[in-house]
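Visitor: Quick one: sequence plus predicted model below, questions after.
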Amino acid sequence: MAKKKTIFSQEVIVAFVLIALYLIFRTISSDFGKYTTFLSMMDISYYYVLMAIGVAFPLITGGVDLSIGTGMICYALAGGFLIRNYNCPTGLAILVSIMFGVVIGLFNGVLISVLGLPPFLATLCNCMITRGLGSVVTGSFAVPWPTAKQANGWFHAIFKITTADKTKIPLGLVWIFLLMLLMQFILAHTRFGRYTIAIGSNKEAAVLSGINVKFYHVMVYMVSGLFAGLASIAYAAVIKTVQPGTGAGMELDAIGGAIVGGVSASGGYGTIYGTVIGAYVIIFLKQGLPYIGFNANMQQIITGLVLIGAVCIDIIKRKVIV
Amino acid sequence: METIKNNPIIKKLGFNRIILFIILLLMYGVFSVIIPGFASKARLMSILNYVYFLGFLALGVTFVIATGGIDFSIGPVMFCCALMAGYSLNTFGMPVIVSLLLTIAIGVCFGCFNGFLVAFVGVPPFIVSMATMNIAKGLGSVFTKTQSVSWPQSNDPSGNGWFRNLVKVNGIPTGLIALAIAAIVLYIVMNNTRAGRFILCLGSNKEAVRLSGVDVRKWQMLAYVICGTMAGIAAIFFVSAYTTVQPGLGDTYNNEAIASCVMGGTSMGGGLASIGGTLIGVFVISLLQEGIMAMRMTKEVQMIITGLIVIVFVYADVSARRRRN
Amino acid sequence: MGEVILTMDSIDKTFPGVHALDHVNFELRRGEVHALMGENGAGKSTLMKVLTGIYTKDSGTITFEGKEVEYHNTREAQDAGIVIVHQELNMVGDLTVAQNIFIGREFRKGIMIDDRKMIRESKKLFDELHIDIDPRARMSDLTVGKQQMCEIAKAISHKAKIIIFDEPSAALTEKEIEDLFTIIRGLRAQNLGIIYISHRMDEIKVITDRVTVMRDGTYVGTLITNDCTKEDIINMMVGRVIYEEPKTHSMVPDDAPVVLKVEHLNAGKMVQDVSFELRKGEILGFSGLMGAGRTETARALFGADPRQSGDIYINGRKVTINSPEDAVKNGIGYLSEDRKRFGIVVQKTITENSTLSTLKEYMAGLFINKKAEKTVTEQYIRELDTKTPGADQLVVNLSGGNQQKVVIAKWLVRNCDILIFDEPTRGIDVGAKNEIYKLMNRLAAEGKSIIMISSEMTEILRMSDRIIVMCEGKKTGEIPIEQATQEAIMDKATRDIG
């Protein structure tokens, strides 16, 4: 399974695909090239990319986290609910949202690592549970977060700022970039990252090397939960009013992004920068297709097919090289 | 306790299934006591409406789980079938019978697609499920231009509403008969045909079956095809009971179908499956859904409960397996 | 040789149904390479697993550096300085060499792993050992030999006092073995105690100082390597009383036709250019040591694993076998060495297992004719004398011997003319063993042809009409039963190196 670092690594190819997609959409549709289009696309990208970065870790261990989509909505609902009903300071609400994500991640981790449930099943159950919890907490009502103009709406500025001459700057891109670097660093240069890869590559060997595999395996799902929590803030900043009962299916775009970006569906290999590039490919497809005359719902079909295509490539690659 | 368990009749029926059945009766009793008017015929019919389509879904997915796989795309697939065929019926003036056949045919196609990818290409089942779930939702939306689709009412002047007799004729729940027939047929398939035998055996030990000279890929794919077909049939019963289908939905039903299977004693590890258990599980879930609705709680409460049920039953199964080995 | 560093005294260990170690003694000195020898199943690996904490002993004492010790897992043993280099490599293929060597005890700078230092230290280790491996290479990109070297480097980096090599040379080329010996000599010079498990007689002569021989879970004796001959060691290894007379002559008539001919079979490293013939009514024994490629040959022949080349003829007609399905169609049945994984479907009944490969014949239209199925199953339960309350019993509830009979029944129901029995009596008690032997003889007399792979010398000598010996993926000998002796077979099976 030689994954040599040639210029043809999947990450590089996907980066080219991303550029090609952008150019194609731009050529066909003049609207696609507008700055406002770019801005709204970036707005939407943040929460998908954050989820993708998080879910890359379970995927690298050979597992999966299906609870991130509905989870994200649930955490956003919880935070918004605190602000609206209890006048909770925004900072605290954000913290609660994020911690909520970590707790659900912990729950996933315990089910999978300690109790031995199959990852897809445990996280599928948590997908249902978070979806239900979000509705139960808010009484099934939509929850608005403060708007950018309100005093406690400062968190919007995390992702987008307006300069004196009314230009809007997608500041979130900077955070995404920094988080990407941070998580790539953690994956490549800390024990946690190393053991994440080891679990996905050869769990038995990791156990025999005296690594506390159970602990790190739980941590992996907590990271995934943490990033779903972060995504919930990005979601609240963009979507403004959070609807309970939504979020199902969003995990697919995040997981698809990670796999397109070279994370192996069978575990053991992946990069965070690849994940981010892959996630952007999916977002470009989602957002760009309507501009060139496709039905907006086509993107669901296409992301489904892209996911299967990416996994097939991974399978064939392994078969050929072994 | 042990002597009860070893009683031949109880053994034949399955101790756990009897317990589940008793739980079902108890639940009905409790709901009847705490919810005024729960023990009415209208409620019962409402429960049954839910039982029909969920029953077909769950029976189908039992085969996939028996192979040790999973399919959580069946809810959206069911909706996709109902949307595409219903849209064709309303827009192209397709005869009802053709629409019904189309419903099933679409289900079969999805089953073939999933089965081929899992058995012949080797894509992990959960990834196939995820992708298919989105493809089904997308197809349903694209095809209907994101409009909900209403199938004809039973008193439709065109006379196209006759298919509704599938669930109810003059207050007689004919759907129950249909479901019973399906369950008996699938019971026979599972226990008395080569397909069922190989599906169960490969779920238990795929390599041993392959080394016995059996083309396991073919049979593994068949399980997904059965599952898809049943999702198509479920779609017919769904529209017969509820008329209107909206695009973009359906994923809550996967979980309920899977929950019915694991409650009924079908093992997530594959190799063990119980058609009868699945059916009882379906009744439990449907009763739960009705009870929660009657208590004026939301569907979401039920989702939480279903999620917890699955966790508990799968954990019981996982630890039982661990003890055996 | 220095003072005694390790004493294992009267170690006893019983597994359900097997007395794996029967009061075994072992002693190791500093600066010594001590060979541990014995046939497969003699208890060498079990003894080492007791030492490194993978198994707990039932009784006996282990004294290490003058203190009595007992380890509960490999980590504790490692920390104390006892390290094992496994036969099956324990490597995380997706990590680099340096990352693997220091896995679980990475150097750190703050929260960051100090990869540079790990690479430097690995380099140092490799330099000490005079091995040329790039510590930055991905583990799965290396050859098996190089991976083995990494395991050794990892062992040394633990500041080991005792290093156990469990058949280290099995996957190595001659050049790599020489490198390995240089390394071992270097370690000996540093006063480490080294336990060396191997089957290769000539290696033992070259590298070791003393030899301890085990047989059937018991301690046989310890010799000074320089004072003994290869024959002495072989005699100690095989010297059990053979309670059953070996076959003296072939039972196959001279004019028996060839039913199976295999020519130049190649499948990976473990099957290299294997050719042989099997005649009607013959029991063809495949002898050799663990990892000689016998099972791989059988699996390639059966279509269970892909093969690169080779022709198969059945009754003189060339056949294509690309899957087990093809093999079964051509009348070949395969009884796997690993019953639980490849033989039986444990959660299913005897009936369901018995008709697994013949289900088509028990169909009444679309449905399984359960009555016919049961009749035939019961017939074979009687014929094979399977001990079970009934045909509906789950196979998981049967003993090993009876499970084996169920697998045999599966192929008898199929009426296969060629049967491959891979370690047919492994994990089966003596009584059931004899029944299976009788059954095989009867089948051969009825005109079926049997390939029997066995690691038990007595079994080979007792059952075979002809014996093929394999070593390292190659056929190294073909011996008619009239000329076969344990020594002759062992000689071919432990081929010299270089």
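Guide: Cool, the structure landed.
Visitor: For the rest of this, base every contact and every neighbour count on C-alpha atoms.
Guide: Fine.
Visitor: Run a quick neighbour tally on residue A:122.
Guide: Residue A:122 has 27 neighbouring residues, counting by other CA atoms under 10 Å in any protein chain shown.
Visitor: So residue C:446 sits against residue C:281, correct?
Guide: Yes. Using CA atoms under 8 Å, residue C:446 is in contact with residue C:281, at 7.0 Å.
Visitor: Looking at these two now, which is surrounded by more residues?
Guide: Shown here are residue C:446 and residue C:281; by other CA under 10 Å, residue C:281 has more neighbours (26 against 12).
Visitor: Got phi/psi on the more buried one?
Guide: phi 80, psi 10 (degrees, to the nearest 10).
Visitor: Next, the contact list for it, please.
Guide: By CA atoms under 8 Å, 6 or more residues apart in numbering or on different chains, the residues touching residue C:281 are C:252, C:256, C:443-450.
Visitor: Secondary structure element for residue 280, which one?
Guide: You didn't pick a chain, so chain A it is. Element membership of residue A:280 [criterion: DSSP states H and E] is helix A:272-288.
Visitor: sorry, should have said chain B
Guide: Here residue B:280 is assigned to helix B:275-294, by DSSP H and E.
Visitor: In contact with residue 88: list those residues for me.
Guide: With no chain named, the answer covers chain A. Going by CA under 8 Å, 6+ apart, the list of residues near residue A:88 reads residue A:82.
Visitor: um, chain B though
Guide: So residue B:88 contacts B:94, B:99 (CA under 8 Å, 6+ apart).
Visitor: May I see the buried residues of whichever helix or strand residue B:26 is part of?
Guide: Using DSSP H and E, residue B:26 sits in helix B:15-34. Along helix B:15-34, these residues count as buried under the neighbour rule (16 or more other CA atoms under 10 Å in any protein chain shown): B:15-18, B:20-21, B:24, B:27-28, B:31.
Visitor: With adjacent residues omitted, what lies nearest to the residue of the stretch 151-300 of chain B found nearest chain C?
Guide: Closest to chain C within the stretch 151-300 of chain B is residue B:213: 3.7 Å, counting by CA to the nearest CA. Distances taken as CA to CA, 6 or more residues apart in numbering or on different chains put residue C:325 closest to residue B:213, at 3.7 Å, once the chain neighbours are dropped.
Visitor: Quick check: the gap between that neighbour and residue B:202.
Guide: 15 Å (CA to CA, to the nearest Å).
Visitor: wait, what's in contact with the residue of the stretch 151-300 of chain B found nearest chain A?
Guide: Going by CA to the nearest CA, chain A is nearest to residue B:300 of the stretch 151-300 of chain B, at 4.1 Å. Residue B:300 is in contact with A:131-133, A:135-136, A:245, counting by CA under 8 Å, 6+ apart.
Visitor: Now do the strand or helix carrying it, average pLDDT.
Guide: Here residue B:300 sits within helix B:299-324, counting by DSSP H and E. What helix B:299-324 shows for mean pLDDT is 86.
Visitor: Only the buried residues of that helix, if you could.
Guide: Those would be B:299-311, B:313-318, for helix B:299-324 by 16+ other CA under 10 Å.
Visitor: Could you do stretch B:160-179 as well?
Guide: B:160-168, B:173-176, B:178-179.
Visitor: From those residues, which land in helices?
Guide: Using DSSP state H, the members of the buried residues of stretch B:160-179 that fall in helices are B:174-176, B:178-179.
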